[in-house]
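A.B. asks: Next comes the sequence, and after it the predicted model I'd like to discuss.
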Amino acid sequence: EEFGGKDGLYKEVLNYYKDNVACELIDTFLKKDSDIETIKQLFKLKAESSGTQSTCLYANTAQSKHVIDDELYKIAKNYNQKVEKALESCIKQAQTKHQIPSNKDSRVLSRYLFTVLHGLGVMSKMGISKKEIKAIGDITIESLISE
């Protein structure tokens, strides 16, 4: 029981994922030059990785709230909130550049993007095509930039 049991091991996996995989996503959205093009690139990468990439470990963990302990759920929830805040930062930068209308609520838009991206992860597992992911990405971008 080197990790303190199953939950301890899972916690170590979550921390490894955060430190070695997921932080890159947050850093991308926090860059000073991130904007609507950054979001478009994210959807492009999502389409390109269709069928090879599973949904986010943190999203899967948060969805398992009823079967995991509170500490693991809180770790996942905190990470997901960091991603939302990073998305919001990117959206605000796009609004400053007049790429997204400034009258739109950046927090709501960040949650909307987060929801679409995780939904695409689930749909990718179910076999949605790259073409469909690209189309959903295009619709999402259009909804962000439209007046």
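C.D. replies: All right, it came through fine. Numbers count the residues shown, from 1 in each chain.

A.B. asks: For the protein, which helix or strand comes out least confident on mean pLDDT?
C.D. replies: helix 57-63 (a mean of 67; mean pLDDT, DSSP states H and E).

A.B. asks: Can you name the element that comes right after it?
C.D. replies: Sequence order places helix 70-96 as the next helix or strand after helix 57-63, per DSSP states H and E.

A.B. asks: And the helix or strand following that next one, what does it pack against?
C.D. replies: Sequence-wise, the next helix or strand downstream of helix 70-96 (DSSP H and E) is helix 106-125. For helix 106-125, the packing partners by 3 or more C-beta pairs under 8 Å, 6 or more residues apart in numbering; DSSP states H and E come out as helix 36-48, helix 70-96, helix 130-145. In this view, the C-beta of every residue, glycine as well, is placed from N, C-alpha and C.

A.B. asks: And helix 106-125, what's buried?
C.D. replies: Counting neighbours by 16 or more other C-beta atoms under 10 Å, one finds that the buried residues in helix 106-125 are 106, 109-110, 112-114, 116-118, 120-121, 123-124.

A.B. asks: List the contacts of the residue nearest to residue 34 when sequence neighbours are not counted.
C.D. replies: By the measure of C-beta to C-beta, 6 or more residues apart in numbering, the closest residue to residue 34 outside its immediate chain neighbours is residue 90, 4.4 Å from it. Residue 90 sits next to 29-30, 34-35, 38-39 when contact means C-beta atoms under 8 Å, 6 or more residues apart in numbering.
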